[in-house]
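Peer 1: Return atomic coordinates for the entry below.
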Amino acid sequence: MKNKRIFRLLSIILILIPIMVMTHIFAGRNSTNSYTISGILVSTILLSVFGIILIHNRIKYEVTEEKLKSVLDSTAEAIYGFDLKGNCTFANMSCIKILGYNIEADLIGKNMHHLIHHSYRDGSVYPIEDCKILKNAFDGGTHYSIEEVFWKSDGTSFDVEYRSTPKILDGKIDGGVVTFTDITEKKMAAEKIKYLSYHDPITGLYNQTFVNEETKRLDVKRNLPFSIIVGDVNGLKLTNDIFGHEAGDDLLKRIGVAIKKSCRADDIIARVGGDEFIILLPRTNANDANMIRDRIYKEIHDEEFNTIKGGIALGVVTKYDDAEDLFELKKEADVEMYKNKSLWFKENNFKQLIGIMETLHEKSQREKSHSINVSKMAESIAINMNLPSEDIRRAKDGGYYHDIGKIVLDNDILRNIYNLNEEKLVKRRRHPIVGYRILSIFDETMDLAKGALDHHEYWDGTGYPKGLVGEDISLLGRIIAVAEYYDAMTNPLCENRMSLEEIKKDIINKSGIKFDPNVVNAFKKIIV
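Peer 2: Sure thing, here's the model as predicted:
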């Protein structure tokens, strides 16, 4: 359209030139008319040329302006300009979109401070006279910030990184230009990184890095007396080994919550290792620190911890003299803590095992009667095999604990013995392995672990979990295999019960196939 206008003017000029020449020739007899007409034509041509130049320059300016706007609109960074009153003079597309508006006209002529910079992060009023964007621009300076917020059209705010610069025209300040980006996600990511660098991801408490820095900062004379409580969780390894690390993480979380409940708001609580916690108590004497320790013990003692009784061993130390080294004093707390840990294990180690069995029996009445019955039958078989008293004791205890690994099974798998799909059957068949792990942990049951592992192995190698054959199966495992099969088929809570004659015949028929012949012979003496 603009090029057509230039073409039309050029065409008019080209037409006027020959007309002027012809007119000058025909009007030559009258010089006055000739000069007049010539003057008019020359003036017309000159005005037309001048008009073309003006139009051409205007077109060049508009093209340049369009190119500049196109460049500004293509940038991801938001940009807007303002005049000496703070009113918007232009805004690129990124600016319009980020602020939640539709077109540039929504911003043009509006005071940008009142529109997008009117309040602080907390919603309190940001006075325009304090606006650093305007003050610095009008003073000829620049301003950069990543600590403020801009406000969108919907009334929500976002973290912003902006830079404002003055706009100079003919050597004078004519307003300013602001470039900005939304850094909400960037700030959130930075805060997350900062949080993770100082916090334990499992419990949400502080970590070792934070403790190290805070100890250096707080270990000054004005914070004396300075107490430290160190703690080590009891039962974490057992929980991880039996139920997996998810259950172990849950134990740590519960311990962390119990500690937090027992401490004061300003106390610094941290998890500083796999099962280790530390509490920094500035301006806290030994008596107050011991009171906090006792509250922690009580809170954890009252906590319900599923199948494993959670516990913690604690040690306390207090610094009174500024010359004392806090880290050296911490070693004294460690000694006290490990002493308490050893005492706890002596008193509670075997209780953990009993607790697991009680939980299993609470989940299934059948498992309770099954444990008692298998224990009695295994003991009787061992007696009838003329085994040493220690082996008889192992048969009795092994029969009782042989299914302890079922503690990890869901209730539907535990209670529904038959009609299990392949996935559930695989899970159920893991219980000998889990039982082996549990019994191997405790000194009192370590010699029973192999029996729990082997009690589903069969003489001909068709059993599980390893498919052992014959005497490769432990004797304890072979004895429990017969005893538990007998109870499984005769237990009042069993769906497919057999009579005594039927079960006796069935076990005898499986002698040398499923069961050890020597064990079967001893069994026959019991069931007459």
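
Peer 1: elements contacting the helix or strand hosting Ala137?
Peer 2: For Ala137, the element it lies in under DSSP states H and E is helix 132-138. The helices and strands touching helix 132-138, judged by 3 or more C-beta pairs under 8 Å, 6 or more residues apart in numbering; DSSP states H and E, are helix 112-116, strand 143-151, strand 157-169, strand 172-182. (C-beta placed from N, C-alpha, C; glycine too.)

Peer 1: again, only this time at 10 Å
Peer 2: When contacts are defined as 3 or more C-beta pairs under 10 Å, 6 or more residues apart in numbering; DSSP states H and E, helix 132-138 sits against strand 78-82, helix 112-116, strand 143-151, strand 157-169, strand 172-182.

Peer 1: JSON lines please, covering those and showing mean neighbour count and distance to Glu358.
Peer 2: Output for the helices and strands packed on helix 132-138, formatted as JSON lines (neighbours: other C-beta atoms under 10 Å; distance: least, C-beta to C-beta, whole Å):
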{"stretch": "strand 78-82", "mean neighbour count": "22", "distance to Glu358": "65"}
{"stretch": "helix 112-116", "mean neighbour count": "20", "distance to Glu358": "65"}
{"stretch": "strand 143-151", "mean neighbour count": "16", "distance to Glu358": "57"}
{"stretch": "strand 157-169", "mean neighbour count": "17", "distance to Glu358": "54"}
{"stretch": "strand 172-182", "mean neighbour count": "18", "distance to Glu358": "58"}
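
Peer 1: Identify whichever of these lies nearest to Leu409.
Peer 2: strand 157-169 (49.9 Å; C-beta to C-beta).

Peer 1: Now do the closest one and strand 78-82, the angle between them.
Peer 2: Relative orientation of strand 157-169 and strand 78-82, computed by axes from the mean of the first three to the mean of the last three C-alpha atoms, to 10 degrees: 50 degrees.

Peer 1: Pairing partners for strand 157-169, with directions?
Peer 2: Strand 157-169 sits in its sheet next to strand 143-151 (antiparallel), strand 172-182 (antiparallel), going by DSSP bridges.

Peer 1: so which of those gets nearest Tyr320?
Peer 2: strand 143-151 (42.0 Å).

Peer 1: Now Leu493, what are its backbone angles?
Peer 2: With angles defined as degrees, to the nearest 10, Leu493 sits at phi -90, psi 10.

Peer 1: Next: the one 5 residues further on.
Peer 2: When quoted as degrees, to the nearest 10, the phi and psi of Met498 stand at phi -120, psi 160.

Peer 1: now swap in the one 10 residues further on and tell me
Peer 2: Ile508 has phi and psi values of phi -60, psi -40 when expressed as degrees, to the nearest 10.

Peer 1: my read: it touches Tyr486, true?
Peer 2: No. Using C-beta atoms under 10 Å, Ile508 makes no contact with Tyr486, being 11.6 Å away.

Peer 1: Those two: who's more crowded?
Peer 2: Tyr486 (24 against 15; other C-beta atoms under 10 Å).

Peer 1: which ones are touching that one?
Peer 2: Going by C-beta atoms under 10 Å, 6 or more residues apart in numbering, Tyr486 touches 373-374, 377-378, 381, 498, 500, 503-504, 506-507, 523, 526-527.

Peer 1: What's the local residue count around Gly141?
Peer 2: Number of residues near Gly141 (other C-beta under 10 Å) recorded here: 12.

Peer 1: no wait, His245
Peer 2: Neighbour number of His245 under other C-beta under 10 Å is 13.

Peer 1: next one: the one 3 residues further on
Peer 2: By the other C-beta under 10 Å criterion, the neighbourhood of Gly248 contains 23 residues.

Peer 1: Just give the nearest non-adjacent residue to it, would you?
Peer 2: Leaving aside its sequence neighbours, Gly248 sits nearest to Asn240 (C-beta to C-beta, 6 or more residues apart in numbering; 4.0 Å).

Peer 1: what do you get for Tyr198?
Peer 2: In space, Tyr198 comes closest to Phe210 once its chain neighbours are excluded; the distance is 4.1 Å by C-beta to C-beta, 6+ apart.
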